[in-house]
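> quick one: sequence and predicted model below, then my questions.
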Amino acid sequence: MFIRISLIILLSLTGLFVSTNVFAQKAPDFQLQGYKKPVKLSDYRGRIVYLDFWASWCQPCRQSFGWMNKMQALYGEEGFTVIAINLDDSPAKAEKFLKQIPANFEIAYDPRGKVAEQYKVNAMPSSYLINKRGELVEMNRGFHPNDKDKLEASIRKLLTQRSVASLR
């Protein structure tokens, strides 16, 4: 456990970004308490979801929030949703962060890390791009401003793919 936490801290401090294709496997469903309402992943089927795991102490997470707000504003009406899952042990820590850096997207809380375990999160932030069929198609570890264009291109590509009904 100590090694895993140390790796998460090291990757968070460096802002290391790694992108890998996860070859369209089913995204694990979850239901968590949200900032405003419960958040259940399967409720977003038919939309592109950018699922982001973050913590209040994570410096690269601070950088990613502005970008996620921008993506939500640009593509939300086209069928895109950001869901950011906080991994702090207390929602109060997340709420303090959110007062400084507001989120214009869904926030959920996973203080015990159960959903993070399902997604095999081992860096902060860790993000997953989920297609309209609820399949994982890309995973990103860390967040570096130089990678914004690549991430946005992946989002745009998924938004232009055929609808869920035509994919069956």
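Structure's in. What do you need?

> residue 110 against residue 117, yeah?
No. When contacts are counted by Cβ atoms under 8 Å, residue 110 is not listed as touching residue 117 (9.2 Å). Heads up, the C-betas are built off the backbone N, CA and C, glycines and all.

> these two: who's more crowded?
It is residue 110, of residue 110 and residue 117, that has more neighbours when counted by other Cβ atoms under 10 Å, with 20 against 11.

> low-confidence stretches in this structure?
When residues are selected by pLDDT under 70, those of the chain lie in 1-24, 162-168.

> ranges for the helices of it?
Assigned by DSSP state H, the helices in the chain fall at 2-14, 59-75, 91-100, 114-118, 148-160, 164-167.

> these: which one's closest to residue 37?
helix 91-100 (14.0 Å; Cβ to Cβ).

> doesn't residue 109 make contact with residue 91?
Yes. Counting by Cβ under 8 Å, residue 109 is a contact partner of residue 91 at 5.2 Å.

> return every residue with contacts to both of those two.
By Cβ atoms under 8 Å, 6 or more residues apart in numbering, residue 91 and residue 109 have these common neighbours: residue 33.

> much appreciated, bye for now.
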